[in-house]
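need a structure here:
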Amino acid sequence: MEEYVKRQHLDQSGTLFQQNKRLTEASYAVSLLIAQQKKPHTVGETLIKPCALKMARILLGEEAEKKFNKISLSNNTVQRRIADLSSDIKEQKEFLFCRSLERNTRAVDVMEKVTEFFDHEELNWHNLCGVCNNGTPAMLGAKSGFQYVLEQVIKIVNYVKSSALKSRLFKQLCTEMDSEHKNLLYYTKKLENWKRKAEEGNFTMFESLSEVTINEPLDPGVAKDVMTHLSCLREKFLQYFPEIGREELALMRNPFLVKVNDVQDDLQDQLIEFQNDSGCRDVFEASSISEFWPKMMGSYPNILWKLLPFVTTYLCESGFSTLVQLKTRARNRLECEADLRCALSTTEPRISKLVQKIQENISH
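Numbering: from 1, shown residues only. Here you go, the predicted model:
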């Protein structure tokens, strides 16, 4: 041990110091991958490292195998690495917290946890721009829970179908998620087509009903009921899925060409100021639409929030899905905040900074 400590005190330009630095960096990199793939911490020591040693020995020889063997991937080490990576991501202001509900899962219990975090971190509630949950009855009440989800779906459908670009991006997202369905249809148009076919006596869109009508025509009373049902269904969809106005789309595409009288009263004064801001016009001409609007958040938040029709439920659902993968029966005691943050975050942890911090602690 004394000899080991002496070797650790070599100056930072020494070979041993640099070697230890690379070993620590490799340990962090592998630990991050373990968290991102939602795997147990023991997989580093039981699978990844043995595989790496075999490959190093076969391809590079015994010396390389000895170097690989120095990479620490034990269960405790991986757990510490993931905790460090998680803390660094939090410092960069993404995925701020994750807490377990010890007893009840009511809305008041969730609010209590969130309030505790806001108070502890001295965050301002006025900076909160949107809230999204999974809409369960336990959160919002038996009736309002469904209503909340339905309202979110309405806004999502309208948003995705507002432009060809958003439809293509939505299709790409569904493909990446291995979704069975990849296209979002305007169901009002589909229902109109079905009603037209039904009026013509064509019921091929209903497989079971179509089989019945192969040999004999459908009873007129049943056919009338089908058309009445389709009409009512279409009315309900129009009620829940109103089309986005052209004014809103025009404001999103080019806010400098929109007439002030065409926007809502509460936006008109700010739009006048916006359109006469030469700095905003310069940024608009130099940026794409997706780059431009986030840059306007600080100066013209009211206009931007009108262009954001929903708080995305994707992050909410992907969070629940990741939690299910992480907290299995075999890992039911796992404190999963650090693993969740590493698995869900799009922010890259600063591994080099973490490695440097460890090396400084060793040198002292």
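
how close does the residue nearest to the spatial centre of the chain sit to Cys98?
The centroid of the chain falls nearest to Leu315 when counting by Cα atoms, centre = their mean (3.1 Å). Distance, Leu315 to Cys98, by Cβ to Cβ, to the nearest Å: 13 Å. For glycine as for every other residue, the C-beta is placed from the backbone atoms N, C-alpha and C.

likewise for Val108?
Distance of Val108 to Cys98, computed by Cβ to Cβ: 19 Å.

those two: who's more crowded?
The residue with more neighbours, out of Val108 and Cys98, is Cys98; 18 against 7, by other Cβ atoms under 10 Å.

for the more buried one, give me its contacts.
By Cβ atoms under 8 Å, 6 or more residues apart in numbering, the residues touching Cys98 are Cys336, Glu337, Leu340, Arg341.

now the residue of the chain most remote from its centre, what's its secondary structure?
Within the chain, Glu216 marks the point farthest from the mean C-alpha position, 51.7 Å out by Cα atoms, centre = their mean. What DSSP: H, G, I helix; E, B strand; the rest coil gives for Glu216 is coil.

could we number from 890 for the rest of this?
Fine by me, first position is 890 from now on; the one you just mentioned is Glu1105.

return the distance of it relative to Val1111.
From Glu1105 across to Val1111, the span is 12 Å (Cβ to Cβ).

tell me the domain boundaries of the chain?
Here the domain assignment for the chain is 891-984+1225-1252, 1076-1129, 1135-1195, based on automatic domain parsing.

tell me the most buried of those?
Most buried of the domains of the chain by mean neighbour count (mean count of other Cβ atoms under 10 Å) is domain 891-984+1225-1252; its value is a mean of 16.

distance from that one to the middle of the chain?
Mean C-alpha position of domain 891-984+1225-1252 versus that of the full chain (Cα atoms, centre = their mean, to the nearest Å) differs by 26 Å.

kindly reformat the contacts of Cys987 as CSV containing distance to Thr913 and secondary structure.
Below are these laid out as CSV (distance: Cβ to Cβ, whole Å; DSSP: H, G, I helix; E, B strand; the rest coil):
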residue, distance to Thr913, secondary structure
Cys1225, 24, coil
Glu1226, 23, helix
Leu1229, 24, helix
Arg1230, 21, helix
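
okay, those in JSON lines with pLDDT next?
Shown next, in JSON lines, are those (pLDDT from 0 to 100):
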{"residue": "Cys1225", "pLDDT": "86"}
{"residue": "Glu1226", "pLDDT": "88"}
{"residue": "Leu1229", "pLDDT": "90"}
{"residue": "Arg1230", "pLDDT": "91"}
